[in-house]
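[1] have a look at this fold, sequence not included:
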């Protein structure tokens, strides 16, 4: 609201200024017209001599005779033009005020409407979906109108202020610069608005969410008779819908989904209601705890939660895409956000906040309802134990899987056996530290565990926490016999899927590292500053000054004497030699490389030693006055260089271990190309280090 009100106030202020300026210029025109009438009414001298009594002062100079009348007419014409321009200027403040007022009204309507829709959405999920589906359609044009209105208002303000300069007859160098700045600002504003509207228009298209990728495989009734019997029993108790598919895997937690899915590895598509079960949890949780969690997940089917999420996701994503479009259009090269798009973005963020509040409200209610359903299917104690024990066993599962993913060739073929061994040997986590955490889920946000326990009327007391942290029995793998016909085969297959994906990822990363290493030249690459253009300009300008000096000496200039011509020519000639003298070192500086890039090091002209890439802790590059300033931060164990006498100017900060140098962008490279080149050498060094560490790393397991 601040910018619209500012525009409105600015428009009111400019409106009064425009009225005052127009009145003052009308007075000037009237004076000029009166002066012309008086001068024209004077009788001409009978003897034909100039009328020295006819006088007119214009732009600080006095004119007499016929020249006075000519200048008076010129002043009258100028005053008429100024009045016409002032009359035109008076149309601009109402535009500013209209833009500010319209923006304010639209913002108030949008804020109130969104807040009301958010309140209605917290009362009904259908109202939430309908309301924000409408917002999804209206938000892009609304944000586009906000950007167009603020841009129009700002352009009108700039045009009003710039036209004040044109009203003056004295267009000095400073005034011309101000006009140039105004034109650049108007052009930049219009370009920002055009980009924002264009990108917002693209967000109006339908959004198709990407399918959910699951690392796992389906199990049929024949493969998991005990599991399917448990599902039938729980669905019967709850009156819930049965899943169309059951997927088992090693990663993540329990969840359900009704949207499109892709199984990895293999890329098989999967449709319909799907229940995902992590095998490690089936091993480390008791049957009643597993039943409580599955009952919780089936309750999402019966409550229509998964279908609701499918309908809501495109709406949610559409709002996010609209915000991204506005942010991208208004983000400058330095990462700052343009004030032209800031109001629209703030309005969009408010809308998104209303989404968050309403969605979190229903997510919490549905999770509590699902917890109650899981408790009804088993018991409140089983549901509470499942919540706490899930947090206690999750770290042990992740430790084994992360180690196996990082070194798949050293991992055992059956990761479930390794997870059980690791959990027995190390024990489980104390669930006290996980009470404020939410259970992992690929699409929804769960309330913290403490709140979910409270909804089950259970306090995380010492007895409950001790049971949750109790180590699993060594024969816990036998629990899978109650779910699957061939648990050993499924365990090996799930482990093979996981390790296969890990090996594919490792091969891809290794190939990427090798590509980074070979992405730089093996031989030294010298970089020269692109100073030739500047040197040529100095030579040309200095030569022009010398030529003018010679012309002054060779020709007579009316109104100047020989002594004056010698003084002017001498000064111009000396200045010409100065410019040419400055161009010589600039040209020579471009002949000497300021950087020499090698795969293992970078040589900076002006210091006594190359800097090895592995000694570089970080580097950044900025642009200042057309030059690229590079700051290299060295590691603490790296030898620090010394600046050479008479060499290139390099700033060394031994305390901060920073080497700083500035240079014009290299020949045939722009700033971004220069930064990309340095980045390639830096990445190549990091890739060589990663490959070397991988070769030295022994094959270990937990």
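    Noted; the coordinates are in hand. Only a predicted model underlies this, so the values are computations on that prediction, with no experimental measurement involved.

[2] right, and the helix or strand after the helix or strand of the chain with the lowest mean pLDDT?
    Sorted by mean pLDDT, DSSP states H and E, the helices and strands of the chain end with helix 305-330, the least confident at a mean of 70. Helices and strands here follow DSSP states H and E; after helix 305-330, the next one along the chain is helix 342-377.

[3] average pLDDT across that next one?
    Averaging pLDDT along helix 342-377 yields 80.

[4] how about it: buried residues?
    342-345, 347-348, 350-352, 354-355, 358-359, 361-364, 366-375, 377 (16 or more other CB atoms under 10 Å). Where you see a C-beta, it was placed from the backbone N, CA and C, and this is true even at glycine.

[5] please name the nearest non-neighbouring residue to residue 384.
    residue 458 (4.0 Å; CB to CB, 6 or more residues apart in numbering).

[6] pretty sure that neighbour contacts residue 380?
    Yes - if you go by CB atoms under 8 Å, residue 458 and residue 380 touch, sitting 6.3 Å apart.

[7] residue 108: neighbouring residues, count only.
    Residue 108 sits with 12 neighbouring residues when counted by other CB atoms under 10 Å.

[8] mind splitting the chain into its structural domains?
    As assigned by automatic domain parsing, the chain contains the domains 2-202, 213-310+364-508, 529-589, 592-696.

[9] tell me the most buried of those domains?
    Mean neighbour count (mean count of other CB atoms under 10 Å) peaks for domain 213-310+364-508 among these, with a mean of 18.

[10] chain center to that domain: distance?
    The chain centre lies 35 Å from the centre of domain 213-310+364-508; the measure is CA atoms, centre = their mean, to the nearest Å.

[11] how about the helices of the stretch 151-300 of the chain, start to end?
    Using DSSP state H, counting those that start in this stretch, the helices of the stretch 151-300 of the chain run over 173-202, 225-238, 279-284, 287-302.

[12] as a markdown table, these with mean pLDDT and distance to residue 108 would be great.
    Shown next, in a markdown table, are these (pLDDT from 0 to 100; distance: least, CB to CB, whole Å):
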| stretch | mean pLDDT | distance to residue 108 |
| --- | --- | --- |
| helix 173-202 | 74 | 21 |
| helix 225-238 | 92 | 47 |
| helix 279-284 | 95 | 51 |
| helix 287-302 | 88 | 39 |
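
[13] returning to what we had before: what's the closest of the domains of the chain to residue 318?
    When the domains of the chain are compared by CB to CB, domain 2-202 sits nearest residue 318, at 4.5 Å.

[14] run the chain-centre distance for the closest one.
    34 Å.

[15] in the stretch 601-702 of the chain, which ranges drop under the pLDDT threshold?
    625-626, 646-648, 667, 696-702 (pLDDT under 70).

[16] same thing but at 90, please
    Counting by pLDDT under 90, the ranges of the stretch 601-702 of the chain that qualify are 605-606, 608, 620-628, 643-650, 661-676, 689-702.

[17] so where do the strands sit in it?
    601-604, 611-612, 616-624, 627-634, 651-653, 658-663 (DSSP state E, counting those that start in this stretch).

[18] mind giving me the packing neighbours of the fifth one?
    For strand 651-653, the contact count by 3 or more CB pairs under 8 Å, 6 or more residues apart in numbering; DSSP states H and E identifies strand 658-663 as packing neighbours.

[19] now do the strand it packs on: everything it contacts.
    Identification of contacts with strand 658-663 by CB atoms under 8 Å, 6 or more residues apart in numbering yields 529, 594-595, 604, 606-607, 611, 624, 627-634, 641, 648-653.

[20] any idea how far residue 574 is from residue 583?
    Distance of residue 574 to residue 583, computed by CB to CB, to the nearest Å: 15 Å.

[21] quick one on the thing from earlier: adding distance to residue 326, write the helices of the stretch 151-300 of the chain out as CSV.
    Putting these into CSV (distance: least, CB to CB, whole Å) gives the following:
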stretch, distance to residue 326
helix 173-202, 6
helix 225-238, 45
helix 279-284, 43
helix 287-302, 34
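
[22] out of those helices, flag the one nearest residue 136.
    Checking those against residue 136 by CB to CB gives helix 173-202 as the closest, at 12.5 Å.

[23] helix/strand/coil for the residue nearest to residue 384?
    coil (DSSP: H, G, I helix; E, B strand; the rest coil).

[24] and if you look at the one 5 residues further on?
    Secondary structure of residue 463, reduced to three states by three-state DSSP: helix.

[25] now do it, the pLDDT please.
    So residue 463 comes in at 84 (pLDDT).

[26] kindly report the same for residue 86.
    The model's pLDDT for residue 86 equals 77.

[27] gap between it and residue 26?
    Residue 86 is 8 Å from residue 26, by CB to CB.

[28] with residue 93 instead?
    18 Å.

[29] do residue 573 as well
    On the measure of CB to CB, residue 573 and residue 26 end up 52 Å apart.

[30] repeat for residue 692
    For residue 692 relative to residue 26 (CB to CB), the value is 83 Å.

[31] before we move on, what about residue 600?
    On the measure of CB to CB, residue 600 and residue 26 end up 77 Å apart.

[32] same question for residue 263.
    81 Å.

[33] repeat that for residue 164.
    Separation of residue 164 from residue 26 (CB to CB) stands at 16 Å.

[34] does residue 609 touch residue 643 like I think?
    No - contact criterion CB under 8 Å: residue 609 and residue 643 do not qualify, at 11.0 Å.

[35] now residue 42. Its backbone dihedrals?
    According to degrees, to the nearest 10, the main-chain angles of residue 42 amount to phi -70, psi 130.
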